[in-house]
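Peer 1: Only the shape, not the letters, is given here:
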DNA sequence: CGCGCTTAGGCAAACGATTGCACAGAGGGA
DNA sequence: TCCCTCTGTGCAATCGTTTGCCTAAGCGCG
């Protein structure tokens, strides 16, 4: 039997179609009971009293027979699925996927997997996915840019949620600081007539960001003119809403020399709108984005933007969920605030002496 | 009992922490056996002989007690997890996530969920994820831009895989046609000195795309100059490799008036490199990308590119996997070819009469 | 009246692991 | 010698469903 073990082990690692070996097969092969085999392989406390020699036999057989535990059976018995659920507006969009990559990295370390489901901001879908995920026995939930209306029976963490129900942990950006960074930058460049693009109503960051802006403007003695405020409309995660909002701003007959957009994607849409109107960025108008998505650095002009540590926020969310799953009833932390960073590139420049228009 | 059902149903849909009701609870409540309840709720064939009145009682009780089947137990018993595994290079990147959105949409319709795991192109990770996913009892696998070395014991579909082992279905683009579209476009604009950026070695599309290009060039009597061919290096899913490759091309002292990049991301990096070198796109040089990612349309200049129907390809992949899961041993189709589309925007223009350089 | 079919539903064995409890033999101390 | 404590292992229940097979009453029909 010993040589054959060698042979089997050195076969190409093709996953064979053989009739899956379970504990039973090993036990039979070894003349032991499934209980013993299970205890050895899972290093259960009761395995302490099992002699090394037996353990070695078990391990050898498991390796030789290429035993793989059946996670479904294990989940059923232990009542834990080693799975968490992630809700995102859209899997094909830059913000959520960056967060997701942080989530994934952290979860994999803990041998957890995750289900993703995207709800496209449709409220009934947001509700429905929670049920689908819970039905799938997820042990925890991470909601990325997704408003939650009630708490759930599993540990829940939101990323950039606001006004969350009690008991859910929220990972969020320091929006006041973010606004301060951007406004300071523009102000120092001499801009005082600054236009803004607010986020869509459904985006959970919209309000906090806007408040931060108002605070920052007021603190510097600047005024935000109502005519210089536009709002993204429409659900599409494309540049179009930013483009449209900017056309709107230009239509109002109030001049401005800088624009602070809700995110990079809308900033890019804005730049296009300006360009089509014959305005150059940054010569005629400065534009600041938000998020620092991958492509921000490669725009023409490269985008000045407020960076969110999205991947890190994802990792934090995963860590929190895992922590709460492990912690039992210990109450979760309410929120974790991370810091933004200003990345100055090419889309901002000091205000020209010659007034535009 | 009737009125109370109403009341329960109209309570806020908070997911309570009550001790999950199972078939047993319903059976007990109704004085039936779990078998009967199960048969009714799952509309099993044997339910035909159960009178409507009983069925109604069961449905009512299930609704009232808010019964949710335990999918883990069901999976164990039926030996099907209703889950498929998806392998991607990177969740935070535009190509894979677009495909993923198609996969998700199609799977959700069939009440399937999916696990994603990203392998960052690391071969040992590619191997490992397959095992992790199979250990998780996935019923099928979708590999996006991920080379597979051996077939697996579950139905497998690749998206843009090439040279796949027997038995796996491959969803791929017609690369010959793609190249023909791009080259024709450039040729018609008068370009004959065309530079190329090939994909990374690990990218499964690299070879097919390159062959298509060579064919298309030859068919039009054009020559691809070895000095005008660069290759993306490095794993980062960013614009940097395209930028670097383009610097390389410019360093070789052979003039060219057009560039066909491996994908949009590298095309955008290329445009930046040109711009830094004082070359304008498209006035001095035309650039064609590939993929038509979200941001291609919003570049400055907007990118002319070959569109892949990525979302559709994802949906096809999901449909194929489901089909094969349902089909039993019927042999799967070998490949499904989809058509590219040329999207002409601003980054290409007819060759200037005045030669550059 | 006897037979067979339909109706209505229950029993119990899976699925594959985990785990509390039991038990048998060895060894040691009083 | 008796009792007690370790060792080393096995039995069987359990997780919540599904499903093959069984029973038992009712009914129609020859």
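Peer 2: Cool, got the structure. Remember, predicted model here, so these are calculated numbers, not experimental data.
Peer 1: Could you list which residues are in contact with residue A:121?
Peer 2: A:89, A:200, A:202, A:235 (C-beta atoms under 8 Å, 6 or more residues apart in numbering or on different chains). Yep, even glycine has a C-beta here, placed from its N, CA and C like the rest.
Peer 1: Nearest to residue B:62, out of those: which one, please.
Peer 2: Proximity of the contacts of residue A:121 to residue B:62 (C-beta to C-beta) peaks at residue A:89, which lies at 32.2 Å.
Peer 1: hmm, which of the contacts of residue A:121 are the buried ones?
Peer 2: Neighbour counting by 16 or more other C-beta atoms under 10 Å in any protein chain shown classes A:89, A:200, A:202 among those as buried.
Peer 1: Export these to TSV and append columns for pLDDT and secondary structure.
Peer 2: Shown next, in TSV, are those (pLDDT from 0 to 100; DSSP: H, G, I helix; E, B strand; the rest coil):
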residue	pLDDT	secondary structure
A:89	94	coil
A:200	91	coil
A:202	84	coil
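Peer 1: From the residues you listed, pick the one nearest chain B.
Peer 2: For the buried ones among the contacts of residue A:121, the closest approach to chain B (C-beta to the nearest C-beta) belongs to residue A:89, at 11.3 Å.
Peer 1: Distance check, that closest one against residue A:129.
Peer 2: Using C-beta to C-beta, to the nearest Å, residue A:89 is found at 11 Å from residue A:129.
Peer 1: any common contacting residues for these two?
Peer 2: residue A:119.
Peer 1: What lies in contact with stretch A:205-224?
Peer 2: A:145, A:160, A:162, A:172-173, A:175-180, A:182-184, A:187, A:192, A:194, A:196, A:198-200, A:260, A:262, A:290.
Peer 1: anything in stretch A:279-286 near chain B?
Peer 2: No - shown here: stretch A:279-286 not in contact with chain B (C-beta under 8 Å from any C-beta of the partner chain), separated by at least 8.8 Å.
Peer 1: outside of that stretch, which residues touch it?
Peer 2: Contacts for stretch A:279-286 (C-beta under 8 Å, 6+ apart): A:186, A:189, A:191, A:256-259, A:271, A:274-275, A:287, A:301, A:304, A:346-349, A:351-352, A:356.
Peer 1: Which ones among these lie within strands?
Peer 2: Among the contacts of stretch A:279-286, the residues falling in strands (DSSP state E) are A:258, A:259, A:287, A:304.
Peer 1: which among the residues you listed gets closest to chain B?
Peer 2: Out of the ones in strands among the contacts of stretch A:279-286, the member with the shortest distance to chain B (by C-beta to the nearest C-beta) is residue A:287, at 11.7 Å.
Peer 1: what number of residues lie near the residue nearest to the closest one when sequence neighbours are not counted?
Peer 2: Distances taken as C-beta to C-beta, 6 or more residues apart in numbering or on different chains put residue A:347 closest to residue A:287, at 4.5 Å, once the chain neighbours are dropped. Counted with other C-beta atoms under 10 Å in any protein chain shown, the neighbours of residue A:347 add up to 27.
Peer 1: Could you pull up the residues touching residue A:347?
Peer 2: A:267, A:271, A:281-282, A:286-289, A:299, A:301-304.
Peer 1: Need these in TSV (columns: neighbour count and distance to DNA strand C).
Peer 2: What follows is the contacts of residue A:347, written out as TSV (neighbours: other C-beta atoms under 10 Å in any protein chain shown; distance: C-beta to the nearest atom of the strand, whole Å):
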residue	neighbour count	distance to DNA strand C
A:267	30	51
A:271	31	56
A:281	25	60
A:282	21	61
A:286	24	60
A:287	28	56
A:288	27	53
A:289	31	49
A:299	26	52
A:301	18	57
A:302	16	53
A:303	29	51
A:304	26	53
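Peer 1: Max pairwise distance over these: which two?
Peer 2: Farthest pair in those (C-beta to C-beta) is A:286 and A:299. Separation: 13.8 Å.
Peer 1: Distance to DNA strand D and pLDDT for the ones in strands among the contacts of stretch A:279-286 - can I get that in a markdown table?
Peer 2: Output for the ones in strands among the contacts of stretch A:279-286, formatted as a markdown table (distance: C-beta to the nearest atom of the strand, whole Å; pLDDT from 0 to 100):
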| residue | distance to DNA strand D | pLDDT |
| --- | --- | --- |
| A:258 | 59 | 97 |
| A:259 | 55 | 97 |
| A:287 | 55 | 97 |
| A:304 | 55 | 97 |
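Peer 1: residue boundaries of the helices in the stretch 151-300 of chain A?
Peer 2: A:175-188, A:206-219, A:240-251, A:264-276 (DSSP state H, counting those that start in this stretch).
Peer 1: Other residues contacting the shortest one?
Peer 2: Looking back up the chat, that one is helix A:240-251. Under C-beta under 8 Å, 6+ apart, the answer for helix A:240-251 is A:195, A:197, A:200, A:228, A:230-234, A:256, A:259, A:261-262, A:265-270, A:272-274, A:277.
Peer 1: Mind giving me the PyMOL command for buried ones among those?
Peer 2: Only the buried members of the contacts of helix A:240-251 end up in this PyMOL selection, burial being decided by 16+ other C-beta under 10 Å:
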select buried, chain A and resi 195+197+200+228+230+231+232+256+259+261+262+265+266+267+268+269+270+272+273+274
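Peer 1: for chain A, longest helix please?
Peer 2: helix A:310-327 (DSSP state H).
Peer 1: any idea of the mean pLDDT in that one?
Peer 2: Averaged over helix A:310-327, pLDDT sits at 95.
Peer 1: Beyond it, next helix or strand please.
Peer 2: Under the assignment DSSP states H and E, the closest C-terminal helix or strand after helix A:310-327 is strand A:335-338.
Peer 1: Run me through the strand neighbours of that next one, direction for each.
Peer 2: Paired neighbours of strand A:335-338 in the sheet (DSSP bridges): strand A:169-173 (parallel).
Peer 1: chain center to the strand it pairs with: distance?
Peer 2: Using C-alpha atoms, centre = their mean, to the nearest Å, the mean C-alpha position of strand A:169-173 is found 11 Å from that of the whole chain.
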